[in-house]
Structure formats: C-alpha cells, structure tokens
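Novice: With the input below, show me the fold.
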Amino acid sequence: MSLAAELQAVYEASHKAMPAEASQIILKTTADFKASYDPASAIQVGKLLPAFTLPDALGQNISSASLISKGPLLISFYRGEWCPFCNLELRSLQKLLPQLTAKGVTLVAISPELPDTSLETKEKLELSFTVLSDVGNKLAREIGIVFKHPEKMGDLLKNSGVDFEKRNGDASLEVPVPATFLVDGKGVIRNAFVDADFAKRLEPETALKWIDEL
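Specialist: Residues are numbered from 1 along each chain as shown. So this is what the prediction gives:
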C-alpha cells in the first residue's frame, strides 16, 4: 500500500469516528488554509538552505554545515508526534533509511517539539535517524512553511489531549506545513514538496527518484 493510501485510510477513519462538529472544524481549517497559503511563499528549488543549528533528541546541537559536509540531505518537517499522519510519514522514512544510507543521503526530521518530546517520538516509533527540534518554528518561518491553528482548532486539539505548551515550549499553536526538501552537498535545495493539506505527504518512491536524479 502506498503512503498516500495509508494516509487517506487514516483520514477517512478518523473523520468517521469523531463527532460531526469536530470534523467540520478540521475540514474548515484545512480549506481556509489551502485557500490562503501561497506555495510560492515557501523556499524554492535552487535556493540555498538557510544555515541552522538545532538540538537533537538528546539536546546535542547539530548544525546544517555538519550535516551537509557528509553529502546530500533529505529533510522532512513534521507537525509533531500527536499527528497520526506525521507518524505514518516518519515510519515510512524509517523503512526508507537503508536505501537512503546506501545512496549517501542523510535523513533528518524536524518539528517544533522540545528535545524531550522528540526523544519520546524516536523511542515510540523506533526511529534511527536524526530528529531535530525547531523550537518556536524559527527555521520553518525562515523557509516560509509556518501555519498557525485558529482558536477553534487549538481548542479541539487541547480537548484531545494535545498540550502545545508542554510539547513545544509555547502556546502559539504554530506548526510547520508538512514539507520535504532534498538538499545537495553544496546546500542547494534540489527538490521540494510542500502541501497545505496536512494529510498529504511525499511518497518514498518519489524521494528515491529525486535522489537518483542528483
């Protein structure tokens, strides 16, 4: 089953299981953002990846320069472990890891969650690649992929047990638009996937095609 099919199955099941009012809030939030977000506001192919230094799940600072020095990067921005669609994507990336490593590509996932939360994510999903914390969405903002949940959506998530202040260190309700970038060994973005629909993610096969075309 493709990742898209898995994501769609979870999407349909979750909306079927939740109260109609909650489903309508999510649908409206998604529709409003898709109507207002301009993909051109995100960093474009051919541009240099902004330099960054972010803590990993153990709190150790990792710089973009140190990562790029090893070769190409596949970077995935995800909303957080509370998002089932993100978890499906992270698991698919973990399955892809041996092929990425064989091709000399370093895999990195980035979220606004604090290092302790990222560590829980790594352990829960059994991830063996680097997970970084972009606290405050500073890098995501530089790249142009920040989304702020409206209050109704924030209340819905809070009532579902998602405590942004505890997980992210702030209550801004901001998360990155899920996005994946392939960066070459010179730090140039060679391919990009950015979709305002949070249930859409890059297919692993597409990532491999990108890499083969480098």
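Novice: count of residues packed around the closest residue in space to Pro84 that isn't next to it in sequence?
Specialist: Closest residue to Pro84 apart from its sequence neighbours, by CB to CB, 6 or more residues apart in numbering: Val10 at 5.5 Å. Where you see a C-beta, it was placed from the backbone N, CA and C, and this is true even at glycine. Using other CB atoms under 10 Å, Val10 is surrounded by 15 other residues.
Novice: Spit out the contact partners of Val188.
Specialist: 46-49 (CB atoms under 8 Å, 6 or more residues apart in numbering).
Novice: ok, 6 Å please
Specialist: Neighbouring residues of Val188 by CB atoms under 6 Å, 6 or more residues apart in numbering: Leu48.
Novice: so what does the helix or strand Gln8 falls within touch, helix or strand wise?
Specialist: Using DSSP states H and E, Gln8 sits in helix 3-17. Judged by 3 or more CB pairs under 6 Å, 6 or more residues apart in numbering; DSSP states H and E, helix 3-17 is in contact with helix 84-102.
Novice: any idea where the strands of the chain begin and end?
Specialist: 53-55, 61-63, 73-77, 106-111, 130-133, 146-148, 174-176, 179-183, 189-194 (DSSP state E).
Novice: helices and strands around the third one, which ones?
Specialist: So that's strand 73-77. Counting contacts by 3+ CB pairs under 6 Å, 6+ apart, strand 73-77 packs against strand 106-111, strand 179-183.
Novice: I'd like the average pLDDT over it.
Specialist: For strand 73-77, mean pLDDT rounds to 98.
Novice: same check, this time on stretch 87-101
Specialist: Mean predicted confidence for stretch 87-101 is 97.
Novice: hang on, the earlier thing: I'd like the strands of the chain as TSV, with mean neighbour count and distance to Leu157 appended.
Specialist: Shown next, in TSV, are the strands of the chain (neighbours: other CB atoms under 10 Å; distance: least, CB to CB, whole Å):
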stretch	mean neighbour count	distance to Leu157
strand 53-55	16	24
strand 61-63	13	29
strand 73-77	24	18
strand 106-111	23	15
strand 130-133	24	19
strand 146-148	18	12
strand 174-176	23	10
strand 179-183	23	20
strand 189-194	20	22
